[in-house]
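**Student:** What would the 3D arrangement of this be:
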Amino acid sequence: MKRRFSIFDSYQDIVFVVDLEDDTLVYVNKACCRSMGYESPSALLGRKCYEALRGFKKVCGDCSNPRLCKNQFEVRNMSNPVTKKILLHAAHHP
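**Tutor:** Purely as a prediction, here's the structure:
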């Protein structure tokens with residue numbers, strides 16, 4: 001999986017990939033790690049996206065993952081209470 005997304009490793013913008021079946025992080029780039037205060041992706045991989053990235057104990061109320069249908073793509077702004085930043089959130093269901 002890592003190799004598939006390695007093109008994003010050098011991006012200065014935050015990039016992360018979530019498994020839509022269980023909401024776990026399957027990829028995070030270096031910018032994402034730095035923004036969350038971690039040196040290594042291993043600190044975030046396998047954790048629930050809502051817990052690791054937003055500090056929530058349950059799925060975000062505005063989560064788009066359950067609404068995505070096959071071959072659908074969604075882009076929206078997302079407020080992150082941990083980093084206090086507005087992020088561009090892109091979601092795709094292959």
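
**Student:** tally of neighbours for Val18?
**Tutor:** Neighbour count of Val18, defined by other CB atoms under 10 Å: 20. Backbone N, C-alpha and C define where each C-beta goes, glycine included.

**Student:** Next up, phi/psi of it, please.
**Tutor:** phi -120, psi 140 (degrees, to the nearest 10).

**Student:** Quick check, it in contact with Asn65.
**Tutor:** Yes: between Val18 and Asn65 a contact is recorded at 6.7 Å, counting by CB atoms under 8 Å.

**Student:** Could you tell me which residues make contact with the residue nearest the centre of the chain?
**Tutor:** Geometric centre of the chain, nearest residue: Phe16, 3.7 Å, by CA atoms, centre = their mean. For Phe16, the contacting residues are Leu25, Tyr27, Val28, Asn29, Cys32, Leu44, Cys49, Leu53, by CB atoms under 8 Å, 6 or more residues apart in numbering.

**Student:** switch to 6 Å and redo it
**Tutor:** Leu25, Val28, Cys32 (CB atoms under 6 Å, 6 or more residues apart in numbering).

**Student:** can you check Cys32 too?
**Tutor:** Cys32 neighbours (CB under 6 Å, 6+ apart): Ile14, Phe16.

**Student:** what about 8 Å?
**Tutor:** Contacts of Cys32 (CB under 8 Å, 6+ apart): Ile14, Val15, Phe16, Pro41, Leu44, Leu53.

**Student:** what does Pro81 give?
**Tutor:** Counting by CB under 8 Å, 6+ apart, Pro81 has contacts Arg54, Gly55.

**Student:** one step back: please state the backbone phi and psi of the residue nearest to the centre of the chain?
**Tutor:** According to degrees, to the nearest 10, Phe16 has phi -140, psi 150.

**Student:** Look up the pLDDT of the closest residue to it other than its chain neighbours for me, please.
**Tutor:** Excluding its sequence neighbours, the residue lying closest to Phe16 (CB to CB, 6 or more residues apart in numbering) is Val28, at 4.6 Å. If you check Val28, the pLDDT there is 89.
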